[in-house]
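Chemist: Provided below for reference: sequence and predicted model.
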Amino acid sequence: MKGALQAASEFFESSPKSKAKFISPDITKPVRYDCSNDGLSKSRSLLKHYAHPLDEWIHFWPQEPPSYREKMGKYAVEIRRVALDILDAIFQSLGLHQAYIREKLEQGMQFLAVNSYPQSTKPGVTVGLAPHSDYGFITLILPSCPGLEVMEHHTKSWKTVLQPSDAIHVHVGDHLEVLSNGIFRTLVHRAVLHSEKNRVSVASIHGFPMDEKVKSAGELVDEEHPKLYRESSFKDFLDFLLSRRNNNESYIESLRISTI
Ligand SMILES: O=C(O)CCC(=O)C(=O)O
Ligand SMILES: [Fe+2]
């Protein structure tokens, strides 16, 4: 965990030229650096890269700092193991057929969002990353210091996530809401700037393979519990992002089946 945070900080501190290599308007790129700070990223630089299967993607990752691939690669493998264990427990709690889901997760997507936020220069709350929910089943976040806030479901108010050292924060994403047919709810969250220091975080997002549709599990749909969401894949999610540009609809809202 220390190695991942160190690799993240050193990447953002590396020369503008070495980071610029990864800048691309194409959001489907397996590695992409974005420091444009508009829309979602109010004040954040982002390095996003695919991480599973590691052998397929690691040679696209940054080589600056020289230890980046080794440190972030080690973290990616370990955090995926934790994520799959947590997902196993979640699916078990829902009474779902494990083998099918396990198999899809084995081949599934993992990507890392490596984030960097400057220290806040103004007093009061300054948002670095605007409110959003994540697309996958679960997200595991490793931050260098506090700054994450989550929208509590029942009060609709922001709660600061306490950040004991060496702790990983885990939250539910859109596709777990779909798969569980609304039993697990996606979590809206945002990142605020720290008043005294720069902050980095590494978010690891886990889902099914790129083209695999996620739908509400058959075991959780019956006459009393109608299907609440349309099925979709990671690819559909990317298409949604590309087509959305002009409105603020969230992905999960776009999947909801109207009951009226
Ligand atoms: O920096 C954080 O704590 C949150 C990052 C995040 O929400 C994301 O990368 O999707
Ligand atoms: Fe997020």
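Modeler: Perfect, thanks for sending it. Ligands and ions are numbered 1, 2, ... in the order given.
Chemist: I'd like to know how far the residue lying closest to W61 once chain neighbours are set aside sits from L129.
Modeler: Distance criterion Cβ to Cβ, 6 or more residues apart in numbering; nearest residue to W61, sequence neighbours excluded, is R69 at 5.2 Å. Any C-beta I mention is one placed from the backbone N, CA and C, and that applies to glycine too. Taking Cβ to Cβ, to the nearest Å as the measure, R69 falls 25 Å from L129.
Chemist: if you count what's nearby, which of those two comes out ahead?
Modeler: L129 (24 against 18; other Cβ atoms under 10 Å).
Chemist: Residues in a beta bridge with the more buried one, which ones?
Modeler: In this entry, L129 is beta-bridged to S41, A191, by DSSP bridges.
Chemist: Distance-wise, check it relative to H175.
Modeler: 20 Å.
Chemist: same check, this time on D88
Modeler: 16 Å.
Chemist: Enumerate the residues of the stretch 151-260 of the chain near ligand 1.
Modeler: 189, 191, 201, 203 (Cβ under 6 Å from any ligand atom).
Chemist: Pick out the most distant pair among those residues.
Modeler: H189 and S201 (11.1 Å; Cβ to Cβ).
Chemist: what residues are shared contacts of those two?
Modeler: L148 (Cβ atoms under 8 Å, 6 or more residues apart in numbering).
Chemist: Spell out the secondary structure type for Q92.
Modeler: Secondary structure of Q92, reduced to three states by DSSP: H, G, I helix; E, B strand; the rest coil: helix.
Chemist: so who does it touch?
Modeler: Q98.
Chemist: Check K215 too.
Modeler: Applying Cβ under 8 Å, 6+ apart to K215 gives the contacts 178-179, 227, 229, 231.
Chemist: Can you tell me which of these is nearest ligand 1?
Modeler: Ligand 1 lies nearest to V178 out of the contacts of K215, by Cβ to the nearest ligand atom, at 17.9 Å.
Chemist: shouldn't that closest one be in contact with S232?
Modeler: Yes. Using Cβ atoms under 8 Å, V178 is in contact with S232, at 7.3 Å.
Chemist: and the residue most central in space within the chain, what is it in contact with?
Modeler: The centroid of the chain falls nearest to I205 when counting by Cα atoms, centre = their mean (4.1 Å). Contacts for I205 were tallied using Cβ under 8 Å, 6+ apart; they are 109-113, 134-136, 138-139, 173.
Chemist: Kindly recompute the last result at 6 Å.
Modeler: 111, 134, 136, 139 (Cβ atoms under 6 Å, 6 or more residues apart in numbering).
Chemist: Quick check: which element contains it?
Modeler: Element membership for I205, per DSSP states H and E: strand 199-206.
Chemist: the bottom helix or strand of the chain by mean pLDDT?
Modeler: Ranking every helix and strand in the chain by mean pLDDT, DSSP states H and E puts helix 98-106 at the bottom, with a mean of 86.
Chemist: hmm, who's touching that one?
Modeler: With contact meaning Cβ under 6 Å, 6+ apart, helix 98-106 is reached by 84, 91, 208, 212.
Chemist: please redo it, this time with the cut-off set to 7 Å
Modeler: Outside helix 98-106, the residues within contact range by Cβ atoms under 7 Å, 6 or more residues apart in numbering are 84, 87, 91-92, 208-209, 212.
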